[in-house]
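**Q** kindly return the folded structure for what I paste below:
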Amino acid sequence: MADLFQAFWWLLFPVVFSAMGAFRLWLDWRARLELTQTLRAFAENGLEPPAALLNQLNR
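**A** A predicted model of the protein is given here:
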């Protein structure tokens with residue numbers, strides 16, 4: 001097992017970067033979901049959402 005690690009230690013970098021990328025995508029999705037839920041709550045109550053909240057949709 002040690003020989004395998006010594007031969008392929010460099011593979012840790014792409015695996016870690018891929019995991020970080022997937023985590024970042026999940027965080028972006030989660031933020032977009034929370035924004036959508038907040039805007040839906042404003043719409044259900046008949047309120048106008050703040051401009052800063054609407055600007056986040058365009059990012």
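**Q** got the buried residues for the longest helix seen in the chain?
**A** Looking across the chain with DSSP state H, the single longest helix is helix 12-44. Buried residues in helix 12-44, counted by 16 or more other Cβ atoms under 10 Å: Leu35. Every residue, glycine included, has its C-beta placed from N, CA and C.
**Q** immediately after it, which helix or strand?
**A** helix 51-55 (DSSP states H and E).
**Q** re the thing from before, what separates the longest helix of the chain from the chain centre, distance-wise?
**A** The chain centre lies 2 Å from the centre of helix 12-44; the measure is Cα atoms, centre = their mean, to the nearest Å.
**Q** now for it, which elements pack on it?
**A** Applying 3 or more Cβ pairs under 8 Å, 6 or more residues apart in numbering; DSSP states H and E, we find helix 12-44 packed against helix 51-55.
**Q** now do the helix it packs on, average pLDDT.
**A** Confidence for helix 51-55, expressed as mean pLDDT, is 92.
**Q** can you list contacts of it?
**A** Contact partners of helix 51-55, identified using Cβ atoms under 8 Å, 6 or more residues apart in numbering, comprise Leu35, Thr38, Leu39, Phe42.
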